[in-house]
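K.L.:
build the 3D model from these lines:
(4 chains)
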Protein chains: 2
Amino acid sequence: MEDEIDLFRFFIREKGLRNTPEREEIIREIFATHDHFDVDELYLRLRQKGSKLSKASIYRNIPLIMTCGLIREVWHEDGHMHYEHIYGHHHHCHLRCVKCGKIIEFVDDTLNALEKNLEKKYHFKVLDHNLDVTGYCKGCIGARERKGPTSILGGY
Amino acid sequence: MEDEIDLFRFFIREKGLRNTPEREEIIREIFATHDHFDVDELYLRLRQKGSKLSKASIYRNIPLIMTCGLIREVWHEDGHMHYEHIYGHHHHCHLRCVKCGKIIEFVDDTLNALEKNLEKKYHFKVLDHNLDVTGYCKGCIGARERKGPTSILGGY
DNA sequence: TTTACTGCAAAAGGTTTGCATGGGT
DNA sequence: ACCCATGCAAACCTTTTGCAGTAAA
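P.N.:
Numbers count the residues shown, from 1 in each chain, chains lettered A, B, ... in the order given. Below you'll find the model as predicted:
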């Protein structure tokens, strides 16, 4: 945890910005769990702990926390963005169950080789990659078959 | 083009829904170009051709057109979703330049092998995968170096 | 004839922004 | 003292929805 804070302080100082208790509070809460998160969830967690931090401050600071390499966007779902920790984690990708929302993280080294190939082939400087695999998890495969194929249509 | 329409008609009939001129108009416009698209862009293209189609109808029909397998969501950028054709295309992934927005499509078969491994390892039924690789394209690598590393911060 | 589909406009929900206040440096 | 960062509320933008009219089957 202190590693993340130290990294952030260094980043802030180097950019000539200001360190504030609010900013550290946000980072501490983000890294208080190992899970993915979204803005609303983070805001509620802070509120429950008695924090007076505003959502606006979260929205204003997230780009900063991304830029310094602590977190990144992972996917857009249910109308809002979801984030995950980068710092202290191997770069990993996600299996997402579209039925129950379960997330399985996996590491795959072939993607690094792929990145290298792409850089060579297209003269591209790769910053990041994000592989999002969707489907049905073990527990939901049966449920899907019972409900029948039309269930995917929702309202239609 | 007629292939897409035929597939959609079959899908609609099978679901017991109704085929309308508006629905075919949307599909024809989507497949009028080979490019990725978003809702607003599609709406403006239709407008310019004199169509009276409403945005609401586009929003209401996109899930349907996704479900029948003609298009899919590719990424969320600039506050809205972007889509691409599936029908008649090999499953491909994207290199995206974060500076100029250039898109390079590439096909990579190792991802199919990866999918199979994931299915086996996690007892997962994979529906789709989406690999989004971001970075700087050939033309923007120089520009990035000239502007310096702080440019990525934008407003900050 | 039934009822799904459309257009319109309003609502909803996430994110951004203007402004006055407060606080880091 | 300067001016960046915050909280609040309003604004903004994309997407969804209620409703009344229209048209496909």
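K.L.:
return the residues of chain A in contact with DNA strand D.
P.N.:
A:17-18, A:20, A:22-23, A:52-54, A:56-57, A:60-61, A:79 (C-beta under 7 Å from any atom of the strand). Every residue, glycine included, has its C-beta placed from N, CA and C.
K.L.:
can you do 6 Å?
P.N.:
For chain A, the residues in contact with DNA strand D (C-beta under 6 Å from any atom of the strand) are A:Leu17, A:Arg18, A:Thr20, A:Glu22, A:Arg23, A:Lys52, A:Leu53, A:Ser54, A:Ala56, A:Ser57, A:Arg60, A:Asn61.
K.L.:
where's the fourth one, which helix or strand?
P.N.:
Secondary structure assigned from DSSP states H and E places A:Glu22 in helix A:21-30.
K.L.:
picking up where we left off before, rebuild the residues of chain A next to DNA strand D as CSV, extending it with pLDDT.
P.N.:
Converted to CSV, those look like this (pLDDT from 0 to 100):
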residue, pLDDT
A:Leu17, 96
A:Arg18, 97
A:Thr20, 97
A:Glu22, 98
A:Arg23, 98
A:Lys52, 95
A:Leu53, 97
A:Ser54, 98
A:Ala56, 98
A:Ser57, 98
A:Arg60, 98
A:Asn61, 98
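K.L.:
buried only: go through the residues you listed for me.
P.N.:
A:Glu22, A:Arg23, A:Leu53, A:Ser57, A:Asn61 (16 or more other C-beta atoms under 10 Å in any protein chain shown).
K.L.:
just give the closest residue to A:Val74, not the sequence neighbours.
P.N.:
A:Glu84 (4.9 Å; C-beta to C-beta, 6 or more residues apart in numbering or on different chains).
K.L.:
so how many other residues sit close to the one you found?
P.N.:
Residues within reach of A:Glu84, counting by other C-beta atoms under 10 Å in any protein chain shown, total 20.
K.L.:
what's the pLDDT at A:Arg47?
P.N.:
Looking at A:Arg47, its pLDDT reads 96.
K.L.:
am I right that it sits in a helix?
P.N.:
Yes. Under DSSP: H, G, I helix; E, B strand; the rest coil, A:Arg47 falls within a helix.
K.L.:
returning to that earlier point: how far is the helix holding A:Glu22 from where the chain is centred?
P.N.:
Here helix A:21-30 is found 16 Å from its chain centre; the criterion is C-alpha atoms, centre = their mean, to the nearest Å.
K.L.:
which positions within it qualify as buried?
P.N.:
Buried residues in helix A:21-30 (16+ other C-beta under 10 Å): A:Glu22, A:Arg23, A:Glu25, A:Ile26, A:Ile27, A:Glu29, A:Ile30.
K.L.:
what comes up buried for the strand ranked longest in chain A?
P.N.:
Longest strand in chain A, counting residues (DSSP state E): strand A:125-136. Using 16+ other C-beta under 10 Å as the test for burial, strand A:125-136 gives A:Val126, A:His129, A:Asn130, A:Leu131, A:Asp132, A:Val133, A:Thr134, A:Gly135, A:Tyr136.
K.L.:
filter those residues by proximity to chain B?
P.N.:
A:Val126, A:His129, A:Asn130, A:Leu131, A:Asp132, A:Val133, A:Thr134, A:Gly135, A:Tyr136 (C-beta under 8 Å from any C-beta of the partner chain).
K.L.:
and the two most separated of those?
P.N.:
A:Val126 and A:Tyr136 (30.8 Å; C-beta to C-beta).
K.L.:
can you pull the phi and psi angles for A:Phe37?
P.N.:
phi -150, psi 170 (degrees, to the nearest 10).
K.L.:
what's across from it in the sheet?
P.N.:
The residues listed as beta-bridge partners of A:Phe37 by DSSP bridges are A:Tyr83.
K.L.:
what's the closest of the ones next to chain B among the buried residues of strand A:125-136 to B:Glu115?
P.N.:
Closest to B:Glu115, out of all of those and judged by C-beta to C-beta, is A:Val133, at 7.0 Å.
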